[in-house]
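Participant: Quick one, fold the following:
(2 chains)
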2 protein chains.
Amino acid sequence: MQPKKFSKAMLRRLPGYLDYLKSLPEDASSNISARTMANALGLGDVLVRKDLAMVSDGGRCKTGHNRENLIKDMEDFLDYNKTANAILVGAGKMGQALLCYDGFEDYGLNIMAGFDVAPSRSKTESGKCIYPNDQMAAFCRENDVRIGIITVPGAYAQQACDLLIECGIKAIWNFAPVHLHAPKNILVQNENLAISLTALRMQLKSQE
Amino acid sequence: MQPKKFSKAMLRRLPGYLDYLKSLPEDASSNISARTMANALGLGDVLVRKDLAMVSDGGRCKTGHNRENLIKDMEDFLDYNKTANAILVGAGKMGQALLCYDGFEDYGLNIMAGFDVAPSRSKTESGKCIYPNDQMAAFCRENDVRIGIITVPGAYAQQACDLLIECGIKAIWNFAPVHLHAPKNILVQNENLAISLTALRMQLKSQE
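Facilitator: Residues are numbered from 1 along each chain as shown, chains lettered A, B, ... in the order given. Have a look, this model is predicted:
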């Protein structure tokens, strides 16, 4: 397919479609309609139809989409079949959890190794290595690493960010709860689980 | 302190302040100003000053806030010193990672146990138990559990949500990439790491 313009909101819906399609049982019908998907996911028909048309040429008026083909088109669109190499800085609790979690591979992300100022263990339970920070530059060069994940405490996050950029990282997934200063050509995506959790707890409290 | 009205945006900044304050070295000055914090976190002076005034009475014009007291006031405000019990449904990769991650305890969340349709192991590496779903109701009653975390695949998320609500859960932290249907009095906070990751990768691709 030719590349088309897509919105961030649409991009946020696609992984949900894909997850739904993949979660259907093996013996489900080989075709699926936008309407069925819309109902299952609590979205509007028209919206789902438009999103699917953006990603796949294969929709037919009466029969809908062939499920296997739609999964393939969606994965191609999202580049899930091309693996992007990543490293992680900060092998504390959250860092270790992400290193051990192999679910990101389904989304085309391979977290190759962890780095830490003071690696207390050289391997995680999943068999991934944790190296000292001073080996990061060589590792990134040798493995064509473009994505860096920050899981250090907030006070060390900017330092970790600077180090990643020095090592040639182009996109940063930041789990530390601080604002990072980075050049404009570096992408930063912030993720803060503690904030989500706190927001949930405070809302719960205000209801009681 | 009397409770005051606060915005969600402010709530989102507080954990960052707290993380910063706690990450300062033991031998740092016992006082800290809003300006110092604003600079360190890349925020505006006035904003930080207002936020701190909402949480703590202790700020002085010239000396700023006593750091220890400010940490305490902030933790009280955010209820971090009161532990909320939670359970998790879906002991797959993400579920196991969250069960093993003990960092949420710093934010007052105690994930007591996991539940699964087919628990293949009865204990995680962290020593937390994974029980069959049909024991959930009794467990929630006995342990006054109000928060449920969903880490099942998308197709089973609504079912997990319904089960949690039946068991008396009032707030749901949803890691499955689907929209959940829940009564209005049930709080739902969505968390989708795959979406963040995909957004980051697609932006990176569009720059190349």
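Participant: and the helix or strand of chain A with the lowest mean pLDDT with helix B:193-207, angle?
Facilitator: Ranked by mean pLDDT, DSSP states H and E, the weakest helix or strand in chain A is helix A:193-207, scoring a mean of 79. Taking axes from the mean of the first three to the mean of the last three Cα atoms, to 10 degrees, one finds helix A:193-207 and helix B:193-207 inclined to each other by 130 degrees.
Participant: Helix A:193-207 near chain B at all?
Facilitator: Yes. Using Cβ under 8 Å from any Cβ of the partner chain, helix A:193-207 reaches chain B at A:193-205, A:207. Quick note: C-beta positions are derived from backbone N, CA and C, even for glycine.
Participant: For the residue nearest to A:Q203 when sequence neighbours are not counted, give me the pLDDT.
Facilitator: Nearest residue to A:Q203 in three dimensions, chain neighbours excluded: B:L187, at 5.1 Å (Cβ to Cβ, 6 or more residues apart in numbering or on different chains). Listed pLDDT for B:L187 reads 90.
Participant: What is the burial count for B:L187?
Facilitator: Number of residues near B:L187 (other Cβ atoms under 10 Å in any protein chain shown) recorded here: 20.
Participant: Would you mark the buried spots in stretch A:13-29?
Facilitator: By 16 or more other Cβ atoms under 10 Å in any protein chain shown, the buried positions in stretch A:13-29 come out as A:13-21, A:23.
Participant: Packing partners of the longest strand along chain A?
Facilitator: Ranked by residue count under DSSP state E, the longest strand found in chain A is strand A:109-116. Other elements packing on strand A:109-116 under the criterion 3 or more Cβ pairs under 8 Å, 6 or more residues apart in numbering or on different chains; DSSP states H and E are strand A:84-89, helix A:93-100, strand A:130-132, helix A:136-143.
Participant: highest average neighbour count across these?
Facilitator: strand A:84-89 (a mean of 24; mean count of other Cβ atoms under 10 Å in any protein chain shown).
Participant: Indicate whether it makes contact with chain B.
Facilitator: Yes. Contact between strand A:84-89 and chain B, assessed by Cβ under 8 Å from any Cβ, occurs at A:A84.
Participant: and the angle from that strand to strand A:109-116?
Facilitator: Angle, strand A:84-89 to strand A:109-116, by the same axes, to 10 degrees: 20 degrees.
Participant: Please list the strands that strand A:84-89 pairs with in its sheet, giving the direction of each pairing.
Facilitator: Partners of strand A:84-89 in the sheet, by DSSP bridges, are strand A:109-116 (parallel), strand A:147-150 (parallel).
Participant: Contacts for it, please.
Facilitator: Defining contact as Cβ atoms under 8 Å, 6 or more residues apart in numbering or on different chains, one finds that strand A:84-89 is touched by A:95, A:98-99, A:108-116, A:133, A:136, A:139-140, A:143-152, A:160, A:163-164, A:169, A:173, B:201, B:204.
Participant: Now, of the residues you listed, which are buried?
Facilitator: Among the contacts of strand A:84-89, the ones that count as buried by 16+ other Cβ under 10 Å are A:95, A:98-99, A:108-109, A:111-116, A:133, A:136, A:139-140, A:145-152, A:160, A:163-164, A:169, A:173, B:201, B:204.
Participant: Only alpha carbons, please: show stretch A:162-171 as CSV.
Facilitator: Presented in CSV, the C-alpha positions along stretch A:162-171 are these (Å, rounded to 0.1, in the frame of the first residue of the first chain):
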residue,chain,number,x,y,z
ASP,A,162,22.3,12.5,27.8
LEU,A,163,24.3,9.3,27.8
LEU,A,164,21.8,7.6,25.5
ILE,A,165,21.9,10.5,23.1
GLU,A,166,25.7,10.4,23.1
CYS,A,167,25.5,6.7,22.2
GLY,A,168,23.4,7.5,19.1
ILE,A,169,19.9,6.7,20.5
LYS,A,170,17.1,8.5,18.5
ALA,A,171,14.0,7.7,20.5
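Participant: I'd say A:E75 and A:L18 touch.
Facilitator: Yes. Applying Cβ atoms under 8 Å, one finds A:E75 in contact with A:L18, separated by 6.9 Å.
Participant: about what we covered before: which among the helices and strands packed on strand A:109-116 is found nearest to A:P177?
Facilitator: A:P177 lies closest to helix A:93-100 among those, at 11.0 Å (Cβ to Cβ).
Participant: How about that closest one and chain B, any contact?
Facilitator: Yes. Helix A:93-100 lies within reach of chain B by Cβ under 8 Å from any Cβ, at A:93-94, A:96-98, A:100.
Participant: before we move on, what about stretch A:166-178?
Facilitator: Yes. Using Cβ under 8 Å from any Cβ, stretch A:166-178 reaches chain B at A:170-171, A:173, A:176-178.
Participant: Can you check the distance spanned by that stretch, start to finish?
Facilitator: 20 Å (Cα to Cα, to the nearest Å).
Participant: Name the residues of that stretch that are buried.
Facilitator: Neighbour-count burial for stretch A:166-178 [16+ other Cβ under 10 Å]: A:167, A:169-178.
Participant: So which of these sit within strands?
Facilitator: A:171-174.
Participant: Could you give the bridge partners of A:A84?
Facilitator: The partner residues for A:A84, given DSSP bridges, come to A:L109.
Participant: Am I right that A:N31 is in contact with A:K62?
Facilitator: No. Contact between A:N31 and A:K62 fails when scored by Cβ under 8 Å: they sit 9.5 Å apart.
Participant: what residues are up against A:D76?
Facilitator: A:D76 neighbours (Cβ under 8 Å, 6+ apart): none.
Participant: Quick check: A:H65 vs chain B, distance?
Facilitator: For A:H65, the distance to chain B (Cβ to the nearest Cβ, to the nearest Å) stands at 17 Å.
Participant: cool, and A:G103?
Facilitator: In terms of Cβ to the nearest Cβ, A:G103 sits 4 Å off from chain B.
Participant: Check A:L11 too.
Facilitator: If you measure A:L11 against chain B using Cβ to the nearest Cβ, the figure is 6 Å.
Participant: who's in contact with that residue?
Facilitator: B:195, B:198-199, B:202.
Participant: so which of the residues you listed is the most crowded?
Facilitator: B:T198 (23 neighbours).
Participant: That residue reaches A:Y17, doesn't it?
Facilitator: No. Counting by Cβ under 8 Å, B:T198 stays clear of A:Y17, with 11.8 Å between them.
Participant: quick revisit: and the residue nearest to A:Q203, bridged to which residues?
Facilitator: Assessed by DSSP bridges, B:L187 has beta-bridge partners B:A171.
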